[in-house]
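> need a 3D model of the sequence below.
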Amino acid sequence: MTATNKEHVRETVRSGYAAIAEQNPMESSSGCCGGSSCCGPDSGDNASMLAQAIGYAEDDLSVVPEGSNMGLSCGNPTALAELSEGEVVVDLGSGGGFDVFIAARRVGARGRAVGVDMTAQMLSKARRNAEAYRERTGLNNVEFRLGEIEALPLPDNFADVVISNCVINLSPEKSRVWKEIARVLKPGGRVAVSDLALVNPLPESIQSMVEALVGCIAGAELISETERVMREAGLSDIAIHRKDEYVDAMTQWKDPLYEKIVAALPEGAKVSDYITSADFSARKG
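Below you'll find the model as predicted:
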């Protein structure tokens, strides 16, 4: 991919998520890939339903300000990370702050949660939500920074934990993202990522259609490729857990993006034969 193409992908994602950030919460989500939302159903009740379906506890959801959950999740990296009191957590592609607020509550007053997002409109939304979070919890331990996940605005050895939720698949330079994750982690620090991934290569018959309509899925890589770049970045103790039921649920909810893919698949095939939601965890060093 040329430098021009990479920047085109970033601008497409940035403009799409800017539109999501500026939407009325009662309206349907209009995601970066041109359909309902990149990695989740419409906003509102469906966003809450999705969060519960992928493992967010009601106690966690009770702490997040209204509007921070926009149905853009494909996993629960805060639970995967097993956060502890006093830790420093960084969330890549933090959006409205959903996972940041949950993480911040878990690490407590002695800890810190930092969200990084490249979309100014999302950053503004997250910072407004942070005021509601502080009022609700009495904690002042969240921060949001503008930046790209391929060049994090953070020093070396900064974080105990890096999390990300359905974001890395959107990057045109995934190997750089994993190298940045390793750079900002402290020695022995850990990473917990939930993301869309490919189980098998997409059939050529639908590849061009998917790229045009759902770039977030077209941007997903094979699980084996993700594992390779994680190791090359210097991460170890890699564990990968597939969650095919997430994609199957999206199909059952009649998400228009997934319905278009289903219609174009070979007869008898399911979306989850090709695409899955996966949890990736590892340590630095």
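> drop to CA atoms for contacts and neighbour counts, all remaining ones
OK.
> count the neighbours of the residue nearest to E150 when sequence neighbours are not counted for me.
Closest residue to E150 apart from its sequence neighbours, by Cα to Cα, 6 or more residues apart in numbering: V177 at 4.6 Å. Using other Cα atoms under 10 Å, V177 has 22 other residues around it.
> all numbers from here: first residue = 421
With 421 as the first residue, the last one maps to V597.
> list the contacts of V597.
The contact partners of V597, by Cα atoms under 8 Å, 6 or more residues apart in numbering, come to I569, E570, A571, I588, S591.
> can you get me a residue count around the closest residue in space to the third one that isn't next to it in sequence?
Leaving aside its sequence neighbours, A571 sits nearest to E600 (Cα to Cα, 6+ apart; 6.7 Å). For E600, the count of nearby residues is 19 (other Cα under 10 Å).
> can you check the one 3 residues further on too?
Neighbour count for R603, taken as other Cα under 10 Å: 20.
> so who does the closest residue to G513 other than its chain neighbours touch?
Nearest non-adjacent residue to G513, counting by Cα to Cα, 6+ apart: D537, 4.6 Å away. Neighbouring residues of D537 by Cα under 8 Å, 6+ apart: L512, G513, S514, G515, L543, F564, R565, L566, G567, E568, I569.
> change it to 10 Å
434, 511-517, 543, 546, 564-569, 572, 587 (Cα atoms under 10 Å, 6 or more residues apart in numbering).
> now do Y553
Neighbour list for Y553: 483-486, 517, 521-522, 524-525, 546-547, 559-562 [criterion: Cα under 10 Å, 6+ apart].
> any chance of the contacts of V597 in JSON lines, plus pLDDT and secondary structure?
Formatted as JSON lines, the contacts of V597 follow (pLDDT from 0 to 100; DSSP: H, G, I helix; E, B strand; the rest coil):
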{"residue": "I569", "pLDDT": "97", "secondary structure": "coil"}
{"residue": "E570", "pLDDT": "97", "secondary structure": "coil"}
{"residue": "A571", "pLDDT": "97", "secondary structure": "strand"}
{"residue": "I588", "pLDDT": "93", "secondary structure": "helix"}
{"residue": "S591", "pLDDT": "91", "secondary structure": "coil"}
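> and which of those residues is nearest to A529?
Nearest to A529 among those, counting by Cα to Cα, is I569 at 26.0 Å.
> buried sites along whichever strand in the chain runs longest?
In the chain, assigned by DSSP state E, the strand with the most residues is strand 605-618. Of the residues in strand 605-618, L605, K606, G609, R610, V611, A612, V613, S614, D615, L616, A617, L618 count as buried by neighbour count, 16 or more other Cα atoms under 10 Å.
> now, which of those sits nearest A477?
Closest to A477, out of all of the buried residues of strand 605-618 and judged by Cα to Cα, is S614, at 16.5 Å.
> tell me how far the ends of stretch 471-479 are from each other?
Length of stretch 471-479, first residue to last, Cα to Cα, to the nearest Å: 12 Å.
> now the strands for the stretch 571-705 of the chain?
Here the stretch 571-705 of the chain has its strands, by DSSP state E, counting those that start in this stretch, at 579-585, 605-618, 655-663, 695-704.
> which elements pack onto the second one?
Strand 605-618 makes packing contacts with helix 497-501, strand 508-512, strand 579-585, helix 594-604, helix 635-638, helix 643-652, strand 655-663, strand 695-704 when contacts are defined by 3 or more Cα pairs under 10 Å, 6 or more residues apart in numbering; DSSP states H and E.
> need the winner for burial among those.
By mean neighbour count, with neighbours taken as mean count of other Cα atoms under 10 Å, strand 508-512 ranks first of those at a mean of 28.
> that one vs strand 579-585, what angle?
Counting by axes from the mean of the first three to the mean of the last three Cα atoms, to 10 degrees, strand 508-512 lies at 30 degrees to strand 579-585.
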